[in-house]
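Novice: what's the 3D shape of this:
(chains A and B)
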Amino acid sequence: MINFGYTRVSTHKAAIDAVRKDSAAQWIAGGTNLVDLMKKGVTTPEKLIDINNLPLKDIRKEGNKLYIGALALNSEVAENELVRTQQPLLSQALQAGASQQIRNMATVGGNMMQRTRCPYFYNTDMPCNKREPGTGCGALKGFNRMHAIFGTSENCIAVHPSDMCIALIALDATVLVTGPKGDCRIPFQNFHRLPGDAPHKDNTLERGELITAIEIPDNPYQKHVHYLKVRDRSSYAFALVSVAAAVDLQGDKINDVRLGMGGVAHKPWRLTEAENFLKGKTATEATFRQAAELVMKNAKGYGHNNFKLKLAPNTLVEALKTATVKA
Amino acid sequence: MDKDFFFDKKKNDPISRVDGRAKVTGKATYAAEHKVPNLAYGFLVGSTIAKGRIKSLDTKSAERAPGVLGVITHVNAPKIPGYQTGKDPAKPPTAGQPLRIFYDNQIFYYDQPIALVIADTYDRALFAAKLVKAQYEKEVHQTELETNLSKARIPTGPRKEDYKRGDADGYKNAAVKIEQEYYHPVEVHNPMELGSIIARWDGPDKLTVYTKTQGVESTRNSIKDAFKLSPENITVNAEHIGGAFGMGLRTWPYEIAAIMGAQKIGKPLKLALHREQMFTNVGYRPETIQKIGMGATADGKLVGIFHEATANTSAYEEFTEATVNITQFMYACPNVATRYRLVPLNFVTPIWMRGPGEATGAFALESAMDELAYALKLDPIEFRLRNHADIDPEHNRPWSSKHLKECYEMGAEKIGWKDRQLEPRSLKDGDWLVGYGMGTGSFGAMRWVATVKAKLQPDGKLLLQCSVNDMGPGTATMMTAVASEAMGLAPDKITIQMGSTKLPPGPMQGGSNVTSTVGSAVHDVCAELKMQIAALASKEGSPFRTRKVKEVKAEDLVFSDGSVALKKNESTKISFQDLFRRNNLQGLEITKESKGQEQPYSMYSFSMHFVKLRVHPATGRVKIDHVVSCADAGTIISPKTAASQMIGGAVGVIGMALMEDLVVDHRFGRPINNNLADYHVPVNADIPNIDVLFVNKKDPFTNPMGSKGLGEIALVGVAPAVANAVFNATGKRIRTLPITPDKLMET
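Specialist: Just a heads-up that it's a prediction; the model follows:
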């Protein structure tokens, strides 16, 4: 048997101390990804520190921000009244992820920490720089239909699998972190990272740093939002391409807009250039198409995923069309 | 049957699945769930290369791991007597040498078992399995059909004959013709229940197994051949099966390994495959490339069809299926030629997957029919009607029954075919393109041999026994329905025992034969029971006897509510209990073998599937809105389970059409989506309203009930109906399954 220790902690300090003292210890919350990784031998923690008892489940309004605790369940967040009325894009993105059963277990923090679903990462007999640096990228010349078209490196073309994070990056969320050096706040777009020459690092957290919450600033994106996820089946499938679109629309005029794209990069992909282009313009399909072309400037296909070069802009246009439909 | 019971319109309460309650409450016991004391657990270690030889195996750390009772490899495996000749041909319809597990160091495919680790718990076996290390001499593997077409060869066993009537090139000179190629990838059965077996040696030459099989008799035969035991010393049990879809139609090496392991450690052994091993070790629908040439006159009469299929088999064995046969009989066409070829690749041997070859062949044939209908600017139904085969053109003899035209009519009405436009892209729903498609299915209506024992007990209840089992369609329910009608007994007075070689021999559950085969045997044994009851009624002193009535025949009697009475005088009514008591009998017991007669007819079931769907052109998403499946399967014996079977078939093929695809990384010769997260089958949200319609007309020749098989025609023809509807919606003809968004999206 592969034995591992299991401890429950109920304070931040105990949680942080437990992993600081023991380099083979790892936190577990919902476990919907970690347990799979352990079964496959991708991750082999010697000790699991269960953080589910930490008081991090709150969803509440704090001033002009929505505070969502890191241990709030994906399904709770998706169905929460505050989230549904004030940040409906997040609710939509969460509902598009995984299955109801998984959403009932998975936490917000765990969703952000989940690993790529690249098959080469999961099969320990195959090359993968993310799992075992220096072994090469199996997907680069292998089966890469699900893989990235933006921000890749020769070392890794995996994508970040989350739907929730695509909404969060579009909504300018902030990640609240506590750790050995105290508390800090990480803008969502700085949380995940591109593979570069260190694809084994998914994000910018240091060891012992614990996500406690995310905050979403108030915004005018309640009415014209849409999360469009194109996938191979209607549920329980990862995105081929997904788009989170939030538009502040006045008549036909786009006052402001936020756009995120999933299934295309090693991190949630924010479409700032398209946002800037769209600001102040009239909401028409032609305008959306122009914005979509801007987005695709630096895209690169790897063979099986070449279709994303077309699907990505199309999905962006469709998401914007749906988001800007007048009630 | 005395009357057409199954058509009785007043009888609107068809019986429910008799084992349904046991299944949903967890009381039904599946192979791996049987309580066997003193059990050990096995786990198979698979090869990490796809071709070559095992150079060395290090099992020491596995052997030393906690709880490990033994590790079996080719180095130390007990000699299996049936393996030693090296010449055993595989069971029909395959040819070649079945894989002899742990026989030598040869590797034919990725994940081929190289060791069996046995421990006192499953988890300890699983852990120790990871400690087995192998060194290989790798050889170049071949896992890609397309790049190995030059190796395509004629089968050496069944289906080696090319078929031809008229001129093979006849289609080429037709006024309107098409020539196209169709493809589908490997699809895997993946039933919910994993492949699993418990093997227990009850003595040096006596064996009991609980295993996942679609035929306990055939499993017993395979075990007998391998271990050279006498059949009466082998008991195979498989009452309930958690789905199989064909993967239980042969005995797999893992089953032999478990028996071998139990023998070696002297304890009963349980071996359940891991889900990943279900993708690599127990068969699949083979990857197939099909070519069709088809031509018609300008007014839509078929002139000729050429159909060639090339499918993969394994590197050690031949597997063949009836992929091209459907083209030989489906339409009235003077010039037809078919060819079937195999390419050996480094995979485990394929095995029939629901609808088997016919579903593969129908995808090509019915897509091509649609393409030609468009070329002719004809409604696809009209095109099919113009080429309707009134008699079987392959064997030039009449059908036992054929109501395909009624299927067209009923299905077209239900799906709203009149709203369909011939011109693609005519119908829209917002941004979505709407399309309608259809596809025809057919499958041989087979009847094999079965023996059923009937015990009409002193309390008037009926017990029926047969070794046939049920992978899900509702065999026991069907048997109950037939007996209930024949004996005038309420379904709850009937008990079915099945799924064990201890019972009278029944057929395998495959090829949609069971209702015809076993239903007939139930029918016949009940007829015999009734004759014996009539004989009792004719006896001296019987209340049925009067001065006028000296002899009572079964047809003079009416059976109802567990009683029997003279038709002409229902006041003679007497319960079975009283009848037995009066005759001082402990009930009646009859065992009867039943089989069909050779008939001068071609016997087939037919089906027609209609699909209405939407395609979102910008993103390529397909949303199926409605499926109508209409079947000509003779008498429908158990309407509820029959409808469920049809719905299940349609769901299965929505997977085949839109998502199923075992992806192989040919550099490594191994699948990379061998799990149910990445290998997509439909979820609830993918499945629309499915309407099932039955012609429900008795076939006069297939069997006494007039039924024809249903399991396969539920699938055959659905995949092309989806592809044809996609074309009708978008104008895009997708000839490569599955039809995923990337193949449909437009700029």
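
Novice: Now do the same for the residue of the stretch 151-300 of chain A with the smallest separation from chain B: its pLDDT.
Specialist: For the stretch 151-300 of chain A and chain B, the shortest gap (Cβ to the nearest Cβ) falls at A:Ser234, measuring 3.6 Å. Yep, even glycine has a C-beta here, placed from its N, CA and C like the rest. For A:Ser234, the pLDDT comes out at 96.

Novice: Ok, A:Thr282 next?
Specialist: If you check A:Thr282, the pLDDT there is 97.

Novice: need the residues of chain A near chain B, please.
Specialist: Neighbours of chain B within chain A, by Cβ under 8 Å from any Cβ of the partner chain: A:1-2, A:41, A:117, A:119-120, A:123, A:125-126, A:138, A:141-143, A:145, A:228, A:230-237, A:240, A:307, A:310-311, A:314-315, A:317-318, A:321.

Novice: again, only this time at 7 Å
Specialist: Contacts of chain A with chain B, taken as Cβ under 7 Å from any Cβ of the partner chain, map to A:1-2, A:119, A:123, A:125-126, A:142-143, A:230, A:232-237, A:240, A:307, A:310-311, A:314-315, A:317-318.

Novice: mind checking how far the residue lying closest to B:Pro253 once chain neighbours are set aside is from B:Val722?
Specialist: Excluding the flanking residues, the one nearest B:Pro253 by Cβ to Cβ, 6 or more residues apart in numbering or on different chains is B:Ile101, at 3.8 Å. Going from B:Ile101 to B:Val722 by Cβ to Cβ, to the nearest Å gives 39 Å.

Novice: Please say which of the two ends up with more neighbours.
Specialist: Taking neighbours as other Cβ atoms under 10 Å in any protein chain shown, B:Ile101 and B:Val722 compare with B:Val722 leading, 29 against 24.

Novice: Can you tell me the element the more buried one falls in?
Specialist: When secondary structure is defined by DSSP states H and E, B:Val722 falls within helix B:718-730.

Novice: just the helices in chain A please.
Specialist: Applying DSSP state H to chain A gives helices spanning A:12-21, A:34-39, A:74-79, A:81-86, A:88-95, A:100-103, A:108-113, A:119-122, A:164-170, A:272-278, A:285-295, A:308-323.

Novice: List of residues touching the fifth one?
Specialist: Contacts to helix A:88-95, defined as Cβ atoms under 7 Å, 6 or more residues apart in numbering or on different chains, come from residues A:74, A:77-78, A:83-84, A:103, A:163-164, A:166-168, A:170-171, A:221-222, A:225, A:227, A:244, A:246.

Novice: Mind checking which of the residues you listed are buried?
Specialist: Neighbour-count burial (16 or more other Cβ atoms under 10 Å in any protein chain shown) applied to the contacts of helix A:88-95 gives A:74, A:77-78, A:83, A:103, A:163-164, A:166-168, A:170-171, A:221, A:225, A:227, A:244, A:246.

Novice: Quick one: buried ones out of the residues of chain A next to chain B?
Specialist: Buried among the residues of chain A next to chain B (16+ other Cβ under 10 Å): A:119, A:123, A:126, A:142-143, A:230, A:232-233, A:235-237, A:240, A:307, A:310-311, A:314-315, A:317-318.

Novice: which stretches of the stretch 1-150 of chain B aren't confidently modelled?
Specialist: Per-residue confidence for the stretch 1-150 of chain B (pLDDT under 70) gives these ranges: B:1-12, B:85-93.

Novice: what about 50?
Specialist: When residues are selected by pLDDT under 50, those of the stretch 1-150 of chain B lie in B:1-10.

Novice: nearest spatial neighbour of residue 273, skipping sequence neighbours?
Specialist: I'll assume chain A. Counting by Cβ to Cβ, 6+ apart, the nearest residue to A:Glu273 once its immediate chain neighbours are dropped is A:Leu294, at 5.0 Å.

Novice: hmm, I had chain B in mind actually
Specialist: B:Gly195 (4.2 Å).

Novice: and if you look at B:Lys567?
Specialist: Among residues not flanking B:Lys567 along the chain, B:Val558 sits closest, at 5.0 Å (Cβ to Cβ, 6+ apart).

Novice: Double-check that that neighbour belongs to a strand.
Specialist: Yes: counting by DSSP: H, G, I helix; E, B strand; the rest coil, B:Val558 is part of a strand.

Novice: if I look at whatever residue of the stretch 1-150 of chain A ends up closest to chain B, how far off is A:Tyr236?
Specialist: In the stretch 1-150 of chain A, the residue that lies nearest chain B is A:Pro119 (4.1 Å; Cβ to the nearest Cβ). Applying Cβ to Cβ, the value for A:Pro119 to A:Tyr236 is 16 Å.

Novice: Likewise for B:Asn675?
Specialist: In this view, B:Asn675 and A:Tyr236 are 12 Å apart by Cβ to Cβ.

Novice: And B:Lys553, by the same measure?
Specialist: As for B:Lys553, its distance to A:Tyr236 is 61 Å (criterion: Cβ to Cβ).

Novice: Can you tell me the closest non-neighbouring residue to whichever residue of the stretch 51-200 of chain B sits closest to chain A?
Specialist: Nearest residue of the stretch 51-200 of chain B to chain A (Cβ to the nearest Cβ) works out as B:Phe127 at 5.0 Å. Nearest residue to B:Phe127 in three dimensions, chain neighbours excluded: A:Met1, at 5.0 Å (Cβ to Cβ, 6+ apart).

Novice: for that neighbour, what are its contacts?
Specialist: By Cβ under 7 Å, 6+ apart, the residues touching A:Met1 are B:Asp123, B:Arg124, B:Phe127.

Novice: Narrow these to those in helices?
Specialist: Those of the contacts of A:Met1 mapping onto helices are B:Asp123, B:Arg124, B:Phe127, per DSSP H.

Novice: ok, how many other residues are close to the closest residue to the second one other than its chain neighbours?
Specialist: This means B:Arg124. Here the nearest residue to B:Arg124 in space, its sequence neighbours aside, is B:Gly67; by Cβ to Cβ, 6+ apart that works out to 3.8 Å. Using other Cβ under 10 Å, the number of residues around B:Gly67 comes to 16.

Novice: my read: B:Gly67 touches B:Tyr122, true?
Specialist: No: B:Gly67 lies out of contact with B:Tyr122 (Cβ atoms under 7 Å); the separation is 10.2 Å.

Novice: now the helices: where do they sit in the stretch 101-250 of chain B?
Specialist: B:122-129, B:216-227 (DSSP state H, counting those that start in this stretch).

Novice: Show me the beta-bridge partners of B:Val68.
Specialist: Assessed by DSSP bridges, B:Val68 has beta-bridge partners B:Ala119.

Novice: Show me the one of the helices of chain A that comes nearest B:Thr619.
Specialist: B:Thr619 lies closest, by Cβ to Cβ, to one member of these: helix A:308-323, at 5.8 Å.

Novice: now for that closest one, which elements pack on it?
Specialist: Other helices and strands packing on helix A:308-323, by 3 or more Cβ pairs under 7 Å, 6 or more residues apart in numbering or on different chains; DSSP states H and E, are strand A:224-230, strand A:241-250, helix A:285-295.

Novice: okay if I get those as CSV plus distance to B:Phe329 and mean pLDDT?
Specialist: Formatted as CSV, these follow (distance: least, Cβ to Cβ, whole Å; pLDDT from 0 to 100):
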stretch, distance to B:Phe329, mean pLDDT
strand A:224-230, 41, 98
strand A:241-250, 45, 98
helix A:285-295, 51, 97
